[in-house]
Structure formats: structure tokens, C-alpha cells
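Engineer: Got a predicted model here, sequence first, then my questions.
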Amino acid sequence: MTLTTLQLSEAGPTVALRETGAGAPLVLLHGVGMQSAAWAPQIADLSRSHRVIALDLPGHGGSDPLPAGSDLPDFVSWLHDVVLALDLGPVSLAGHSMGALIATGFAVDHPVMTRRVALLNGVYRRTPQARAAVLARAAEIGAGQVDLATPLARWFGKTPADISARDRVAGWLGTVDPAGYATAYGAFARGDATYADRLDEITYPFLAITGDGDPNSTPAMAQEMAAQVRHGRAIVITGHRHMLNLTAPDVVTAHLRDWLAIPSEETYHDIA
């Protein structure tokens, strides 16, 4: 599957995306420093039943960046423009990390355009200490001090699956546009509470997945988010960290298939 581009308006920004399959639309949003190719295992499987659109976030891959200083709602507005430009209608959204924050914002700001939402390794109301640490990293990145070794060490263990995924992620991090990375990371650092008070507005199947070894997108965060949503469910995958869809691709994809199969008027409790 090749990367294609979309012009949001005559003089607007360019968005790069990977699209395949047919059926109800499923939009995939990656994390900071990644690109749409990070969803390859899920695209291959889920495109058998859905029209899958994996986007390069602004300033990542082939997508033009948002202006410096943009915040999470600006990324949500960008996604809204993309969904309208592609004429997708109501969409299912799955987002990882920063993509999870964007998916959450879209779900609460545009409920009529949302069928369901799944968050992988999402963040929710960081502790004061965690917030201070991530804001400090955002300031360093904004000043051009980019340390890639530390997040890689935090995201991956020593298993063969982790090592293989780490090499791919290192390649994406190594080629990301510095300015686009800084803008997205700043929005990610400031965005963990932006939509936190509105999760109870979500009225369709909601899934929060994380790894038991993820220190920043913790199991407690996933459980707290799911508890706010009437149709919410939290899943913690043992033995994995932050890049779940790459280190545990089959497990993650199976959970996403189950989530996609739930009629939007039903809850997880209803079908348990």
C-alpha cells in the first residue's frame, strides 16, 4: 500500500495517508514521532472488513505541519477537516498516544461524526510530577535538544518483538521533521487534561488499551478513562509497554476487531 496525498483546500496543507479496503471507515492516528506506516499490522488485517485510512499527523511523514505553538484542539480541527475532505461520514477512530488524545477530542467535539473510539496507550490526567517531566521534555525538544535514546529505552523491553519494533520506530523518529515534532510534542505534553472532563459525553463503544509496563500511559489511566464512559472498556496487556500495536500486533488487532464488531447501540456489558 502506497502513501497518497490529500490537499485540504486550494491553498491549504497537504495530508499524507494510506488507504485500503472497503466498508465502514476506520481512521488510524499514530503517536508523536511516528507515521502512518506504524499501523501496518492492523491495516493488513482490518482492511479485510473496513475502509482503513491511516493518516500521517501534521509535521510527520508526508503531512504539512501545523503552526508552531498549536495545541490539541488545533490537531482535532485538522482531523475534522480531513474527515470532511475525504467525505467519510461517521468514522471509527483508533489512536495511539498523541493519536489517542486527538481521537478523544474528535469524539467529544464531533459526536455525530463518530461511530466509536479506541485509545492505545492514551494519557489521562498525569500526576503533577509526570506533567512536569513531559513539559520539560517538550521545552527541550522545542529548543532543538532531541534525545531519542531515552524514549526508546522507555518504550521497549528486550524481547525479540521489542527489538524488531524498536529498530523500526528508531527509523521513524530519526527522520521526523524537527519543527513538526516539537509542535506535536508540545500539544501532547499540554493535552492530557484538555478533554478529560468530557469523556462522559461519549455514548458509543469506547476501548482503552495499554501495557502493564507502560509508565506514562498507565493501566490506571486506561481504567479511569473507561470508567467515565458508559460504553467503556479497559484492557491491560501483560508484558508490553508503549508500542503495543507493534510489539503485540495480533493481540491488539484481535481486540480492535472485537471493538469494531460491536453495534454502536450496545455496550460491552450487554454482550459479555
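Structural biologist: Yep, that arrived.

Engineer: Quick check: phi and psi on Glu19?
Structural biologist: phi -130, psi 140 (degrees, to the nearest 10).

Engineer: okay, now it: neighbour count?
Structural biologist: Applying other C-beta atoms under 10 Å, we find 20 residues neighbouring Glu19. Any C-beta I mention is one placed from the backbone N, CA and C, and that applies to glycine too.

Engineer: from what I can see it touches Thr4, true?
Structural biologist: Yes - taking C-beta atoms under 8 Å as the definition, Glu19 is a contact partner of Thr4 at 6.7 Å.

Engineer: in which helix or strand would I find Asn245?
Structural biologist: Assigned by DSSP states H and E, Asn245 falls within helix 244-247.

Engineer: Now do that helix: which elements does it pack against?
Structural biologist: Counting contacts by 3 or more C-beta pairs under 8 Å, 6 or more residues apart in numbering; DSSP states H and E, helix 244-247 is packed against helix 40-46, helix 160-175, strand 206-211, helix 249-261.

Engineer: Which among these is found nearest to Ile141?
Structural biologist: Closest to Ile141 of the helices and strands packed on helix 244-247 is helix 160-175 (C-beta to C-beta; 11.4 Å).

Engineer: chain center to that closest one, what's the gap?
Structural biologist: 17 Å (C-alpha atoms, centre = their mean, to the nearest Å).

Engineer: That one - contacts with which helices or strands?
Structural biologist: If contacts are counted by 3+ C-beta pairs under 8 Å, 6+ apart, helix 160-175 sits against helix 149-155, helix 244-247.

Engineer: Dump the ones you listed to a markdown table, plus mean neighbour count, mean pLDDT and distance to Ala170.
Structural biologist: Putting the helices and strands packed on helix 160-175 into a markdown table (neighbours: other C-beta atoms under 10 Å; pLDDT from 0 to 100; distance: least, C-beta to C-beta, whole Å) gives the following:
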| stretch | mean neighbour count | mean pLDDT | distance to Ala170 |
| --- | --- | --- | --- |
| helix 149-155 | 14 | 91 | 6 |
| helix 244-247 | 26 | 96 | 12 |
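
Engineer: Tell me where the protein has helices.
Structural biologist: 40-46, 72-85, 98-109, 128-142, 149-155, 160-175, 178-190, 219-228, 244-247, 249-261, 268-271 (DSSP state H).

Engineer: Count the neighbours of Asp250 for me.
Structural biologist: 9.

Engineer: how much space is there between it and His231?
Structural biologist: Using C-beta to C-beta, to the nearest Å, Asp250 is found at 25 Å from His231.

Engineer: give me every residue that touches Gly186.
Structural biologist: Applying C-beta atoms under 8 Å, 6 or more residues apart in numbering to Gly186 gives the contacts 69-71, 138, 141-142.

Engineer: can I get the helices of the chain in TSV with distance to Glu201?
Structural biologist: Shown next, in TSV, are the helices of the chain (distance: least, C-beta to C-beta, whole Å):
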stretch	distance to Glu201
helix 40-46	26
helix 72-85	14
helix 98-109	5
helix 128-142	24
helix 149-155	31
helix 160-175	33
helix 178-190	21
helix 219-228	9
helix 244-247	26
helix 249-261	19
helix 268-271	18
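
Engineer: Ok, which of these comes nearest Gly211?
Structural biologist: helix 244-247 (5.4 Å).

Engineer: Lowest average confidence across the helices and strands packed on helix 244-247, which one?
Structural biologist: Ranked by mean pLDDT, those end with helix 160-175 at the bottom, a mean of 93.

Engineer: ok so, going back, nearest approach to Thr238 belongs to which of the helices and strands packed on helix 244-247?
Structural biologist: strand 206-211 (7.8 Å).

Engineer: elements contacting that closest one?
Structural biologist: Counting by 3+ C-beta pairs under 8 Å, 6+ apart, strand 206-211 packs on strand 114-120, helix 219-228, strand 232-237, helix 244-247, helix 249-261.

Engineer: now the angle from it to strand 114-120?
Structural biologist: 10 degrees (axes from the mean of the first three to the mean of the last three C-alpha atoms, to 10 degrees).

Engineer: So what are the sheet partners of strand 206-211 and their directions?
Structural biologist: Neighbouring strands of strand 206-211 in its sheet, by DSSP bridges, are strand 114-120 (parallel), strand 232-237 (parallel).
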